[in-house]
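Visitor: What shape does this take:
(chains A, B, C and D)
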Protein chains: 2
Amino acid sequence: MFQDDAGASTQLLRKINMGAVLRHALEAETFMATEAMAVTGLTRTTVLGLCDELVDRGWIEEVGDSREAGQYVKGRPARRYRLRNDVGHVVGVDAGQHTVTAVVSDLRGTILARATHALDSQDGAARRTTVRAAVDEALGLAAVHPAGVFLTVIGVPAPVDENGRSPRNNEFWDNMNPDFPTVLADRGETIVDNDANLAALAERARGTHGGSFAALLSGERFGAGLVIDGMLLRGPRGGAGEMRLLNVVEGVGSTEGLGLLGRQWAVDASRAGALPSGSILARIPAEQLSAEAVFNAAADGDITALGIVDRLGERLARIAHVLASLLDVDKVIVAGAVAAALEPVLSKATAVLEDHFEAPVPVLAASTLAADGVVLGALECGLSAVREQPLSFDPRRQARAGEREGRA
Amino acid sequence: MFQDDAGASTQLLRKINMGAVLRHALEAETFMATEAMAVTGLTRTTVLGLCDELVDRGWIEEVGDSREAGQYVKGRPARRYRLRNDVGHVVGVDAGQHTVTAVVSDLRGTILARATHALDSQDGAARRTTVRAAVDEALGLAAVHPAGVFLTVIGVPAPVDENGRSPRNNEFWDNMNPDFPTVLADRGETIVDNDANLAALAERARGTHGGSFAALLSGERFGAGLVIDGMLLRGPRGGAGEMRLLNVVEGVGSTEGLGLLGRQWAVDASRAGALPSGSILARIPAEQLSAEAVFNAAADGDITALGIVDRLGERLARIAHVLASLLDVDKVIVAGAVAAALEPVLSKATAVLEDHFEAPVPVLAASTLAADGVVLGALECGLSAVREQPLSFDPRRQARAGEREGRA
DNA sequence: CGTAGTAAATAAAGGAACTAAATTTAGTAC
DNA sequence: GTACTAAATTTAGTTCCTTTATTTACTACG
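Guide: Model (predicted):
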């Protein structure tokens, strides 16, 4: 970043250092000058000066009770500072195919409210109004003024380029990503990204997966968010992580996801009358069969379900192998709604990987974020944007908007 | 980079600005203060002060004749500065399986000398001494003192992690990457990287491919250097771009490269007596057949060669499709020694992509760097490291080493 | 209760790095 | 020789940080 910043005036220093202190404030529950000195390497005088300015600008506030929460007893009690709760907020949205979920959090990532709206139409205009409604409901529940939103991040089931646009030649994608920013004006900057990418960011934020992994969304169709060396891959058209290549992978042959196939194979068996009389699956009407039901039946030893799970495990193993061998990822994290019940499939796939593929073989894991992966990733995306350049946002916008309304 | 630099003292500013001026000096043939002012946004006073310091430190020198080369006539003639030719040098090495090539350049990227040594042994120790010999020969030809080398970058046919190490469980890789830094001590810092990765960097430096492409090395085995969104992918073990996945891709099934298969299929046809009497290939003894000969024969209309080229084109199309569909690359650049003769294969593959695969389809191109891709990429890798952090290198090391030797 | 000890806050002085504005210098054009 | 031009140089700030006292607000203990 330095090299971009040719021509650094002396005021830039102040900005760098203020950013450093502010970043510490975003992470710490509460902090004293001495801590900030250790983090930034600056003098007490300087740090206190920066804190003064941050208070002026509305980012942090001083909290009086200095020692009671303190880690020390002796000497003059230190002043303590804290990020203001009302500095700004971030909104994360999962604009899925059938459901829209919006979540509001403060800058520390504490979730204040969520709202879920069902979508009956696939039309782009309808999606726009539903997203707006969900966002506004969540903001209302959290009692956050729209002007208090720094960023709104929306996850959509379509490839999205760095400008938030999806390829224009596809009607489905057009409907999934119908220019959300215009309908969310005055709710902060809007970022649109692919749902699998955001799920990957959510996993990355959990910090337990290392720097290189794939987050595999696996409901109806496979889609992956690829994090390599800590970086999320996008591609010029946002197509990185699209799984079209599965069509030409031996033993896979299609992009159909675990959810779809698990359900479909069970339905096929049911309709064909191929379920043994004692089968757990036989008790469920064909039109109510779901992948989760199949996985749970397999966990209970159902023979048909186990057969399906084995086939899915083989399939998943091949997919994981493809990702790991081309991209060297350590781990493939299966996310999406099916993740919770996925254990039998993962065991089978892990066994297949170890028995039939050359080391190093990727670790398979189910996401622990359940169906929230995308919306949490959207939040995380917004939060990390704020953490990277906090000073590019203005904590006073909200206050000014409030004043204006008061006058009106 | 700012956020890493918590605690910026006032001297940091100087360093930022000095780096900016120096970076301009690295690019411009010669420059005046006014230019540097435009580039950096600094005042004349400051720029001249920085130039003074850069002269002191041995980076640049003042050139007297100010106006004769000048773009203007009026006013007081401007002082002119130029990067010193002897500031430092960069060495790039292609430590291939059978040949070692070393190249020496100055900091502007002008190549001063090259040396090529054949390798008869595949033993790691032998490779180390050969690499050292090639480097020293090139340095001798360029009349560059070893202490005048800022960086030596070595490309090897093995995956390499960010610390320059290859996975330990593979004897071949061990021999290909046998701890070069120890044998090149006192020839600057040593960087080891995968050959395909370096070839990709060479292509990136040419600047005509956009931010996302794959450089496909295609001699005996396929290997790729992947550049996505302008970043070179590595992976935790340096395994990104390994093409093991081709084993499970329909219509490909192995990692064998175009060079190997082109030769092998021709040899098979020759030995089986399947070559028509008029065939160009029939005039070449089986043991002298090469992929290049096959491609050239195809260009001349040889029916057997055309058959081979068609099969290879189908294969290449599938490989390009896999890379493009998973990573969204715009372009697949085929590099390596076969690249020059590759046109017939590329035409076929392009046709296959357009006819049988869904858009967007990647552009195929042969590298214009011929067999030099890896060694030029190694150079580029070193040069861009210098360009990024020029001030982390010391132009005076060489002079001091010279003095020491003079005294001794 | 008063004194010693401690760690933070504050104040004062100073240095490094940049800008701005006035002045000087080294040329060309006529 | 005079007018003009554009760069160099000089001089006088400004900003931001550090260093070095000095003061303040507490705890501990006799």
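
Visitor: Farthest from the middle of chain A: give me that residue.
Guide: A:Gly75 (44.6 Å; Cα atoms, centre = their mean).

Visitor: What are the boundaries of the helices in the stretch 201-350 of chain A?
Guide: Per DSSP state H, counting those that start in this stretch, the stretch 201-350 of chain A carries helices over the ranges A:258-271, A:291-299, A:303-327, A:343-356.

Visitor: residue contacts, the closest residue to DNA strand C within chain A?
Guide: Closest residue of chain A to DNA strand C, Cβ to the nearest atom of the strand: A:Gly75 (1.9 Å). No exception for glycine: its C-beta is placed from N, CA and C like everyone else's. Shown here is A:Gly75, which makes no contacts under the criterion Cβ atoms under 8 Å, 6 or more residues apart in numbering or on different chains.

Visitor: re the thing from before, would you reformat the helices of the stretch 201-350 of chain A as JSON lines and include mean neighbour count, distance to A:Gly207 and mean pLDDT?
Guide: Formatted as JSON lines, those follow (neighbours: other Cβ atoms under 10 Å in any protein chain shown; distance: least, Cβ to Cβ, whole Å; pLDDT from 0 to 100):
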{"stretch": "helix A:258-271", "mean neighbour count": "20", "distance to A:Gly207": "26", "mean pLDDT": "92"}
{"stretch": "helix A:291-299", "mean neighbour count": "23", "distance to A:Gly207": "28", "mean pLDDT": "93"}
{"stretch": "helix A:303-327", "mean neighbour count": "23", "distance to A:Gly207": "20", "mean pLDDT": "95"}
{"stretch": "helix A:343-356", "mean neighbour count": "19", "distance to A:Gly207": "21", "mean pLDDT": "95"}
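
Visitor: Would you mind giving these as TSV with distance to DNA strand C added?
Guide: Formatted as TSV, the helices of the stretch 201-350 of chain A follow (distance: least, Cβ to the nearest atom of the strand, whole Å):
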stretch	distance to DNA strand C
helix A:258-271	55
helix A:291-299	54
helix A:303-327	42
helix A:343-356	49
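
Visitor: and of the ones you listed, who's closest to DNA strand D?
Guide: helix A:303-327 (41.1 Å).

Visitor: now check that closest one, is it near chain B?
Guide: Yes. Residues of helix A:303-327 are located near chain B by Cβ under 8 Å from any Cβ of the partner chain, namely A:Arg318, A:His321, A:Val322, A:Ser325, A:Leu326, A:Leu327.

Visitor: and the gap between the closest residue in space to the fifth one that isn't next to it in sequence and DNA strand D?
Guide: Of all residues beyond its chain neighbours, the one nearest A:Leu326 is B:Leu245 (4.9 Å), with distances taken as Cβ to Cβ, 6 or more residues apart in numbering or on different chains. When distance is defined by Cβ to the nearest atom of the strand, to the nearest Å, B:Leu245 is 50 Å away from DNA strand D.

Visitor: Thought A:Ser325 was touching B:Leu245, still the case?
Guide: Yes. The criterion here is Cβ atoms under 8 Å, and B:Leu245 meets it with A:Ser325 at 4.5 Å.

Visitor: how about low-confidence regions in chain A?
Guide: A:1-8, A:65-73, A:407-408 (pLDDT under 70).

Visitor: how's it carved up into domains?
Guide: Using automatic domain parsing, the domain parsing of chain A gives A:6-83, A:89-187+A:373-407, A:203-368.

Visitor: Most tightly packed of those?
Guide: Most buried of the domains of chain A by mean neighbour count (mean count of other Cβ atoms under 10 Å in any protein chain shown) is domain A:203-368; its value is a mean of 20.

Visitor: where's A:Gly251 relative to A:Gly49, distance?
Guide: A:Gly251 is 64 Å from A:Gly49, where distance means Cβ to Cβ, to the nearest Å.

Visitor: dump the residue contacts of A:His356.
Guide: By Cβ under 8 Å, 6+ apart, A:His356 lies in contact with A:Ala317.

Visitor: Could you measure from it over to B:Glu242?
Guide: A:His356 sits 18 Å away from B:Glu242, taking Cβ to Cβ as the criterion.

Visitor: circling back: roughly how far does the residue farthest from the centre of chain A sit from A:Asp106?
Guide: A:Gly75 is 33 Å from A:Asp106, by Cβ to Cβ.

Visitor: cool, and A:Leu13?
Guide: Distance from A:Leu13 to A:Asp106, counting by Cβ to Cβ: 29 Å.

Visitor: and if you look at A:Gln398?
Guide: The gap separating A:Gln398 from A:Asp106 is 12 Å, by Cβ to Cβ.

Visitor: Residues that sit against both of those two, list them.
Guide: Contact with both A:Gln398 and A:Asp106 is made by residues A:Gly88, according to Cβ under 8 Å, 6+ apart.

Visitor: Let's verify whatever residue of the stretch 51-200 of chain A ends up closest to DNA strand D: helix, strand, or coil?
Guide: In the stretch 51-200 of chain A, the residue that lies nearest DNA strand D is A:Arg76 (3.4 Å; Cβ to the nearest atom of the strand). Classification of A:Arg76 by DSSP: H, G, I helix; E, B strand; the rest coil places it in coil.

Visitor: same check, this time on A:Thr101
Guide: strand.

Visitor: and it, what are its bridge partners?
Guide: Note on A:Thr101: beta-bridge partners A:Asp94, A:Thr116, judged by DSSP bridges.

Visitor: Now do the contacts for A:Ser21.
Guide: Just so we're on the same page, residue A:21 is Val rather than Ser. Applying Cβ under 8 Å, 6+ apart to A:Val21 gives the contacts A:Ala36, A:Val39, A:Thr40, A:Val47, A:Leu50, A:Cys51, A:Leu54.
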